[in-house]
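K.L.:
3D, please:
(one chain, ligands or ions: 1)
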Amino acid sequence: MKRGILFVVSAPAGCGKDTILEQALKRDINLHYSVSATTRAIRVGEVDGVSYHFKTREEFQQMIAENQLLEHTEYCGNFYGTPRKAVEDMLSEEKNVVLKIEIEGAANVKKMFPEAVLIFILPPSMEELSRRLHKRGTEDEETIQKRLLQARTELSRAKEYDYVIVNGELEKAVDDLAAIVSAEGFRESLNTELIDRIING
Ligand code: 5GP
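P.N.:
Numbers count the residues shown, from 1 in each chain. So this is what the prediction gives:
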């Protein structure tokens, strides 16, 4: 049975992964978003069930206990996890699924599903990342410096990924993501039935 492909996208804060994914998901490509569960507080503009499934810590612990999460992690004092059933259902319907998760989660997914395709989004330069974080104007200087330091550490883990995309110009980065999704679908290992059908007529 042909199944969808599992994609994982990670990037340090300020690299624009949310916007790239948002744009890619609007395109007519076979790419479906896995909505994570989290215990963090809902932010302005977020919608429960769309941005995240917002849970209490008790509810989240229950999900872990019932093995409902494919992976989970604690990040900045909050729990985040990927609901197993939604992902498995989509994959078995031949839908490609994308997880937008941090680096530890991505590494865990790769261990469990070596065929998962890991994509890392890079800023054009550290200077540009610093400029973007300042432009957001949502954090004070100390927090920005902390984020830049964290970004440097995270960027060094890009080597564990299968693909890297530089988010210089948004449209180009979305094109690059769409190209990866498309190319992965042509893998021989995913098309053995097609080959057999052509051979056997
Ligand atoms: P935020 O709170 O800013 O939405 O997300 C914080 C970090 O958690 C981001 O790097 C985001 O990609 C990551 N994240 C979101 N959902 C999940 C998840 O289900 N699992 C893991 N491991 N990380 C997640």
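
K.L.:
residue contacts, the closest residue to the ligand within the chain?
P.N.:
In the chain, the residue found nearest to the ligand is G105; the distance is 2.2 Å by Cβ to the nearest ligand atom. Glycine gets a C-beta too; all of them are placed from N, C-alpha and C. Contact analysis of G105 by Cβ atoms under 8 Å, 6 or more residues apart in numbering lists 8, 10, 71-73, 80, 82, 99.

K.L.:
How about P83?
P.N.:
P83 sits next to 34-37, 53, 63, 68-70 when contact means Cβ under 8 Å, 6+ apart.

K.L.:
re earlier: among the contacts of G105, which ones are buried?
P.N.:
8, 10, 71-73, 80, 82, 99 (16 or more other Cβ atoms under 10 Å).

K.L.:
Considering only those residues, which also neighbour the ligand?
P.N.:
Counting by Cβ under 6 Å from any ligand atom, the subset of the buried ones among the contacts of G105 that neighbours the ligand consists of 71, 73, 80, 82.

K.L.:
Just put those residues in TSV and tack on distance to T192.
P.N.:
Listed next are those as TSV, based on distance: Cβ to Cβ, whole Å:
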residue	distance to T192
E71	28
T73	34
Y80	35
T82	28
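
K.L.:
want to throw those residues into a markdown table with pLDDT and distance to E88?
P.N.:
Shown next, in a markdown table, are these (pLDDT from 0 to 100; distance: Cβ to Cβ, whole Å):
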| residue | pLDDT | distance to E88 |
| --- | --- | --- |
| E71 | 97 | 13 |
| T73 | 97 | 19 |
| Y80 | 98 | 19 |
| T82 | 98 | 11 |
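
K.L.:
In helices, which of those residues appear?
P.N.:
Using DSSP state H, no member of these falls within helices.

K.L.:
Nearest to L133 among those residues?
P.N.:
Comparing those against L133 with Cβ to Cβ places Y80 closest, at 21.3 Å.

K.L.:
now the closest one: how far from T143?
P.N.:
As judged by Cβ to Cβ, to the nearest Å, Y80 and T143 stand 20 Å apart.

K.L.:
just to revisit the earlier point, could you list which of the buried ones among the contacts of G105 belong to strands?
P.N.:
Counting by DSSP state E, the buried ones among the contacts of G105 place 8, 10, 71-73, 80, 82, 99 in strands.
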